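# just the structure for this:
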Amino acid sequence: LLLLLLLKRKLYSFFSPLSCCKAQDQDLNMKYILGIGGMTNGGKTTLTNRLIKAFPNCCVVHQDDFFKPPDQIEVGEDGFKQWDVITALDMEAMTNTVKAWMENPVKFARSHGVSVSPVEDEAQSEEEIHILIVEGFLLYNYRPLLDVYDKCYYIAVPYEECKKRRSTRKYTVPDPPGLFDGHVWPMYLKHRKEMEANCMNIEYLDGLKSKDELYEQVYEDIQNTLLNRL
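Here you go, the predicted model:
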């Protein structure tokens, strides 16, 4: 209850730079962009779906919504279609979507069916806090978006657990035999190394924790960040 009340107050000081590469100005003081990154089947979407229900004025952009059509996915030297690389995604469209939220979060929320907190007047509307959660497996490997995040999380699980979870998931395009070891895991290792070289200050989350533990950890972290900036 305290957090919900605080989110509706005029907290200009809350949105000073937090942890990644973003250099904010006063025009972005009431906008907060949270990255929930991580490996395949790490628990990103589950965590994201709980967070968007917990915070008012909260929208989400899922990176998976920007996959190109199957006929545009190339076959790599490993013999598999290259789904787990940045070129499999329309990142320009994703970037434009994030920018649309940054330009007008209220309009973006309403156009995506997200309820916004009622305000008494136009001035108060401009002072409302709005949150965008960007969720995906390659969030921190695309330079045009590296400077938009206020807070960066990354969920990881060990090889065996990841492979087990992946084998139980049903995808629109089913995994061919050998895809995990021949493409998915090697690409994860490659992209994580690239990500760690991108100067990002990322908070790593243990994907072996229960869903409740992960949620409570991130929720409390955001709440504490808010309270510490009062």
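# please enumerate the helices of the chain.
Secondary structure of the chain (DSSP state H): helices located at 2-7, 44-54, 91-103, 105-111, 122-126, 159-168, 179, 185-196, 211-228.
# rounded mean pLDDT for the third one, please.
Going back to what we said before, that points to helix 91-103. The pLDDT scores in helix 91-103 average 97.
# in it, what counts as buried?
Within helix 91-103, the residues that qualify as buried are 91, 94-95, 97-98, 101-102, counting by 16 or more other C-beta atoms under 10 Å. All C-beta spots, glycine's among them, are computed from the backbone N, C-alpha and C.
# also stretch 136-148?
Quick answer for stretch 136-148 (16+ other C-beta under 10 Å): 136-142, 145-146, 148.
# out of the residues you listed, the closest to Val173 would be?
Phe137 (15.3 Å; C-beta to C-beta).
# was I right to think the closest one contacts Gly37?
Yes - counting by C-beta atoms under 8 Å, Gly37 is a contact partner of Phe137 at 6.9 Å.
# common neighbours of these two, please.
The contact sets of Phe137 and Gly37 overlap at Lys44 (C-beta atoms under 8 Å, 6 or more residues apart in numbering).
# re earlier: including distance to Gly76, could the helices of the chain go into CSV?
Below are the helices of the chain laid out as CSV (distance: least, C-beta to C-beta, whole Å):
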stretch, distance to Gly76
helix 2-7, 45
helix 44-54, 24
helix 91-103, 18
helix 105-111, 35
helix 122-126, 48
helix 159-168, 18
helix 179, 11
helix 185-196, 9
helix 211-228, 32
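# closest to Asp71 out of those helices?
helix 91-103 (17.3 Å).
# what's that closest one packed up against?
Contacts defined by 3 or more C-beta pairs under 8 Å, 6 or more residues apart in numbering; DSSP states H and E place helix 91-103 against strand 31-38, strand 58-62, strand 130-136.
# Met195 is nearest to which of those strands?
Among the helices and strands packed on helix 91-103, the nearest to Met195 by C-beta to C-beta is strand 31-38 (7.9 Å).
# report the distance from that closest one to the chain centre.
Distance, stretch centre to chain centre, for strand 31-38: 4 Å (C-alpha atoms, centre = their mean, to the nearest Å).
# then stretch 197-206?
13 Å.
# for that stretch, how far is the first residue from the last?
Stretch 197-206 stretches 21 Å from its first residue to its last (C-alpha to C-alpha, to the nearest Å).
# try stretch 206-217
End-to-end distance (C-alpha to C-alpha), stretch 206-217: 10 Å.
# buried ones in that stretch, by neighbour count?
207, 214-215, 217.
# mind picking the two most distant members of those residues?
Counting by C-beta to C-beta, the most remote pair of the buried residues of stretch 206-217 is Gly207 and Tyr215, 12.5 Å apart.
# ok, back up a step: kindly reformat the buried residues of stretch 136-148 as a markdown table containing distance to Arg110 and pLDDT.
A markdown table is the format used below for the buried residues of stretch 136-148 (distance: C-beta to C-beta, whole Å; pLDDT from 0 to 100):
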| residue | distance to Arg110 | pLDDT |
| --- | --- | --- |
| Gly136 | 24 | 97 |
| Phe137 | 29 | 97 |
| Leu138 | 29 | 97 |
| Leu139 | 25 | 96 |
| Tyr140 | 29 | 96 |
| Asn141 | 31 | 95 |
| Tyr142 | 27 | 95 |
| Leu145 | 24 | 95 |
| Leu146 | 28 | 93 |
| Val148 | 21 | 95 |
